[in-house]
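In: sequence first, then the predicted structure, then my questions.
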Amino acid sequence: MSRSVPAAGPQPLPVALLLPGQGAQYPGMATGLYGHDEVFTSAADEVFAALGTEGGRVRDDWLRDRPRVPVDHVTRSQILLFTIDYALGRTVESWGVRPAALLGHSVGEMAGAVLAGVFTVADAARLMWDRVTRLAEGPAGGMVAVAAAPDTLTPYLRGDVVVGAHNAPRQTVLAGPEPQLGEVTDSLRKQGLVCRTVPSSTPFHSPVLAPLAARTEPAFAAVRARPPALPLISGYTAAPLTADQAADPAWWSSHPAAPVRFWPALDHLLRGPGRHLVECGPGRGLTAVARRHPAVLAGRSRGLPLLPAGPADRAEARDCLAAARSVLTPA
């Protein structure tokens, strides 16, 4: 008489890290983890140490209730998003989770490049600082999220206002200098379209930043870039980063002025087997977008944010991280 064999339990989904960019930042983001979670703190300190005195100033502003430089300023938002994305990625790895893939949005791609082994964290931190100090000299402008497909917005674009990001089928971010961006936004609102200002005083992913972005190419050329050791889906090409791209200084320097194709990149990521999409960064914007994807709606993939959606009690960040760990590393 044969014995019955117990049915195998459900296999865990491969983990893919989603790394957010400009617009996800908010005051106090992830500060509840600093000094509380050893891995997170150590990883964040790697970035601050690489920046020397400036790193100390960035850290102090991040932890203060009243920072000297506001979090939305380019010299704070970008480097802190990079720091938190990277530190959360290392935290997830410390749980014994090896990511099957990485997908960054805007500056999140730089954090992904470090986690994938393309750059050392010290090199990437210094490259980021070189970038943001140059971009701080750029023209006044910003970004506006519009509840519409990119093609429907084309007739309203003018001057240097462009589609800066395609985040979802009906979620497009326009970018450009002022006053043109404001004029375009007013026209769209008159047409009944919902528009939301993205927290930024810099027109990221607009060609007006191209001359300043190009000046960072020598810094990228001066560091060693390795082929990615993990699949890194580029938010700019919607395809895996190649070894040639990883080694190309012009490729990396172009990112602040290039359009982001997050939705096509997410679609590429979710074409294969199901994924557990873990948002390693402040907010829950990428998780919200991912939950609209057919693979998630059908239950083949899932989304999991690590931090609160916005400013909250510092203990809430710890609670969110603890809850995520229990999901990703069940007993």
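Out: Structure's in. What do you need? All values reported here derive from a predicted model rather than from experimental measurement.
In: strands along the stretch 1-150 of the chain, start to end?
Out: With DSSP state E, counting those that start in this stretch as the criterion, the stretch 1-150 of the chain has strands at 15-19, 101-104, 141-146.
In: save those as CSV, and put in distance to Leu304 and mean neighbour count too.
Out: Bear in mind the C-beta positions are built from the backbone N, C-alpha and C, glycine included. Formatted as CSV, those follow (distance: least, CB to CB, whole Å; neighbours: other CB atoms under 10 Å):
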stretch, distance to Leu304, mean neighbour count
strand 15-19, 9, 28
strand 101-104, 14, 28
strand 141-146, 23, 23
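In: make TSV from those strands and add mean pLDDT and distance to Thr133 to it.
Out: Below are the strands of the stretch 1-150 of the chain laid out as TSV (pLDDT from 0 to 100; distance: least, CB to CB, whole Å):
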stretch	mean pLDDT	distance to Thr133
strand 15-19	98	22
strand 101-104	98	21
strand 141-146	97	18
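In: got TSV for the ones you listed, with distance to Ala225 too?
Out: Shown next, in TSV, are the strands of the stretch 1-150 of the chain (distance: least, CB to CB, whole Å):
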stretch	distance to Ala225
strand 15-19	18
strand 101-104	16
strand 141-146	28
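In: and those strands: which comes nearest His255?
Out: His255 lies closest, by CB to CB, to one member of the strands of the stretch 1-150 of the chain: strand 101-104, at 10.0 Å.
In: tell me the secondary structure at Arg196.
Out: Following DSSP: H, G, I helix; E, B strand; the rest coil, the label given to Arg196 is strand.
In: excluding its backbone neighbours, what's nearest it?
Out: Leaving aside its sequence neighbours, Arg196 sits nearest to Ala145 (CB to CB, 6 or more residues apart in numbering; 4.7 Å).
In: repeat that for Ala147.
Out: Using CB to CB, 6+ apart and skipping the chain neighbours, the partner closest in space to Ala147 is Val194 (4.2 Å).
In: tell me which of the strands of the stretch 1-150 of the chain sits nearest to Cys280.
Out: That would be strand 15-19 among the strands of the stretch 1-150 of the chain, by CB to CB, at 4.9 Å.
In: touching that closest one from outside, list them.
Out: 85, 89, 92, 97-105, 108-109, 111-112, 115, 269, 275-281, 286-287, 290, 328 (CB atoms under 8 Å, 6 or more residues apart in numbering).
In: ok, back up a step: so who does the residue nearest to Arg196 touch?
Out: So Ala145 contacts 23, 167, 171-173, 195-198 (CB under 8 Å, 6+ apart).
In: just the buried members of those residues?
Out: Neighbour-count burial within the contacts of Ala145 applies to 23, 167, 171-173, 195, 198; the criterion is 16 or more other CB atoms under 10 Å.
In: give the contact list for Pro227.
Out: Pro227 sits next to 118, 243, 246-247 when contact means CB under 8 Å, 6+ apart.
In: try 6 Å
Out: 243, 246 (CB atoms under 6 Å, 6 or more residues apart in numbering).
In: three-state assignment of it?
Out: coil.
In: distance of it relative to Ala16?
Out: 19 Å (CB to CB, to the nearest Å).
In: in three-state terms, label Ala250 for me.
Out: Classification of Ala250 by three-state DSSP places it in helix.
In: count the neighbours of it for me.
Out: Number of residues near Ala250 (other CB atoms under 10 Å) recorded here: 12.
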